[in-house]
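**Student:** Give the three-dimensional model of this entry:
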Amino acid sequence: ELTRALNSANWQDRSLALVEIAKVKDTNFLLDIRSLLKNDPNPAVRGSAALALADLEDKHSSKDIVNLFKDNEITPDIVLDALTRMKDNTAANAIIPYLDSDNHTYRLLAVEALSAIGIQTGSETIISMATKNKDFEKAKTYAMVIGKLKLAKGESILLQIAESSEPSPTLAAAYLGLGRIKSKKAIPILTKAIGSDFEKGRENSSFALKEIGDTSANPLLIEYLKNKNREIQFSAADVMASLFDTKTADRILQ
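**Tutor:** Numbers count the residues shown, from 1 in each chain. Below you'll find the model as predicted:
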């Protein structure tokens, strides 16, 4: 029945068959799906074929899926989704340019794709793009990808965003990224953020300080235990409990 559906004149039948094949992980149809990816006249079927091949982890088809970025009838989100599922890091260089897309969705999908597949090459390109960027919204994208890929060379970029941004998703992303790359230089900035009214920034700073794991943050946090804002008190206590050191414990006991 699946064979008959793949050869149907109705594009919807072909597309649904591809979904079912991917669902049951049937690799017997690989040659048929590869053919549909490259030759089917309907863009929906070509897109479904890309997703099916990705779910079947057919690395042989990675280059052909990347070539769909040149297909004007298929939107980049479909291709980025397929490459995320494929988890083939040879596709990284084709994904990286979408970090600078004017489309917010494509940028986020590019971050997720690169995070899923990892990168063996391309980190220098990402850092260069982030350094040249002047767009505040795109800065959030670069903060996310630097953090998720743990690109330590992006430390200065994240610090600059953290020091110059108003409370915003971009600032929160920078705090998170600084934690993921374990930036000790960021400790004064992150501890200060614990005492701010920016709730998401406080939350991400707590996570970041725990990730960095440096007890030098404790003396900068202890005064927050007296803060009038109970959430600030709890955030400081939570971080210090994760960064235990005897000297701080003695001060708290006093």
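**Student:** all helices in the stretch 51-200 of the chain, in order from the N-terminus.
**Tutor:** 62-66, 76-86, 92-95, 104-117, 123-132, 136-148, 155-164, 169-180, 187-194, 199-212 (DSSP state H, counting those that start in this stretch).
**Student:** and among these, the most buried is which?
**Tutor:** helix 169-180 (a mean of 25; mean count of other C-beta atoms under 10 Å). Placement of C-beta: from N, CA and C, glycine included.
**Student:** Contacts for that helix, please.
**Tutor:** With contacts defined as C-beta atoms under 8 Å, 6 or more residues apart in numbering, helix 169-180 is touched by 136-137, 139-140, 143-144, 146-148, 150, 154-155, 158-159, 161-162, 165, 186, 189-190, 193, 198, 200-201, 203-205, 207-212.
**Student:** Okay, P167 and T121: tell me how far apart.
**Tutor:** 36 Å (C-beta to C-beta, to the nearest Å).
**Student:** Between these two, tell me which one has more neighbours.
**Tutor:** P167 (14 against 11; other C-beta atoms under 10 Å).
**Student:** From what I see, that one and G201 are in contact.
**Tutor:** Yes - P167 lies in contact with G201 (C-beta atoms under 8 Å); the separation is 6.0 Å.
**Student:** on that earlier part again, mind putting the helices of the stretch 51-200 of the chain into a markdown table with distance to A52 and mean pLDDT?
**Tutor:** As requested, the helices of the stretch 51-200 of the chain are arranged in a markdown table below (distance: least, C-beta to C-beta, whole Å; pLDDT from 0 to 100):
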| stretch | distance to A52 | mean pLDDT |
| --- | --- | --- |
| helix 62-66 | 11 | 97 |
| helix 76-86 | 9 | 97 |
| helix 92-95 | 19 | 95 |
| helix 104-117 | 17 | 96 |
| helix 123-132 | 30 | 95 |
| helix 136-148 | 27 | 96 |
| helix 155-164 | 38 | 97 |
| helix 169-180 | 33 | 97 |
| helix 187-194 | 44 | 97 |
| helix 199-212 | 37 | 97 |
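**Student:** so which of these comes closest to I33?
**Tutor:** helix 62-66 (10.5 Å; C-beta to C-beta).
**Student:** name the helices or strands packed onto that closest one?
**Tutor:** Packing contacts for helix 62-66, counted by 3 or more C-beta pairs under 8 Å, 6 or more residues apart in numbering; DSSP states H and E, involve helix 30-39, helix 43-55, helix 76-86.
**Student:** Using CSV, write out the CA atom coordinates for it.
**Tutor:** What follows is helix 62-66, C-alpha atoms only, in CSV (Å, rounded to 0.1, in the frame of the first residue of the first chain):
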residue,chain,number,x,y,z
SER,A,62,22.4,15.4,3.4
LYS,A,63,23.9,17.2,0.4
ASP,A,64,20.7,16.9,-1.5
ILE,A,65,18.7,18.3,1.4
VAL,A,66,21.1,21.2,1.7
